[in-house]
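A.B. asks: Have a look at this prediction, sequence included:
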Amino acid sequence: MKITKTEIVNMIMIENKSTGKVLVLDRRGSWPGLTFPGGHVEKGEPFYDAAAREAKEETGLDVSDLRLCGVVHWGNKQNGDCYLEFLYKTSKFYGVLLPETVEGSITWMSPEELRNSERLSPNFSMYLPMFFENKYSELYFDWNGTDWNGKPEYK
């Protein structure tokens, strides 16, 4: 049996319950556009801790009470490699919000503003039901390493 490569990343939605808005990163560089904070899980790092670390690095905020709201799975049927993205959400945060980091600028938006934006990061619109609808546990894409093949599958 061939051992496949698995890349593990995370994304976190931070919600301000008093305003109903979510924290959005306007990412520069790879995957440019509006998205939630997140990034790679370091070797030996728990997924939860990685999400909290990425939130701190990209927003300046400390977060707690992260709730897993789904997993995005990109499967490369050609070589067997896969990409797993653990999605979290929380409304518990404190600290001083950074206006900008090396990743991009940060702002609060209503879920409606975010959904209706034409500036979303690639494929991010397909992630939004995982965060907002509370009825899916997995989003699967067939990926050939360059392009998405077929339609995303929500499970």
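C.D. replies: Right, received. Where do you want to start?
A.B. asks: What are the buried residues along stretch 38-56?
C.D. replies: Gly38, Gly39, Val41, Phe47, Ala50, Ala51, Ala52, Arg53, Glu54, Ala55, Lys56 (16 or more other CB atoms under 10 Å). To be clear about C-beta, it is placed using only N, CA and C from the backbone, and glycine gets the same treatment.
A.B. asks: Run through the residues that contact the third one.
C.D. replies: Val41 makes contacts with Ile8, Val9, Asn10, Phe47, Ala50, Phe86, as judged by CB atoms under 8 Å, 6 or more residues apart in numbering.
A.B. asks: State the mean pLDDT of the helix ranked longest in the chain.
C.D. replies: Secondary structure assigned by DSSP state H gives helix 47-59 as the longest helix of the chain. Here helix 47-59 scores 98 as its mean pLDDT.
A.B. asks: got any ranges where this structure has weak pLDDT?
C.D. replies: Across the chain, the ranges flagged by pLDDT under 70 are 1, 144-150.
A.B. asks: quick one, strands of it?
C.D. replies: The residue ranges that make up the strands of the chain, judged by DSSP state E, are 6-16, 21-27, 33-35, 38-40, 61-64, 67-75, 82-90, 92-95, 100-101, 104-109, 138-143, 148-154.
A.B. asks: Would you mind saying which of those lies nearest Ser117?
C.D. replies: Of all the strands of the chain, the one in closest proximity to Ser117, counting by CB to CB, is strand 33-35 (5.5 Å).
A.B. asks: Quick one: list the elements packing against the closest one.
C.D. replies: Here strand 33-35 is seen to pack against strand 21-27, helix 124-132 when contacts are counted using 3 or more CB pairs under 8 Å, 6 or more residues apart in numbering; DSSP states H and E.
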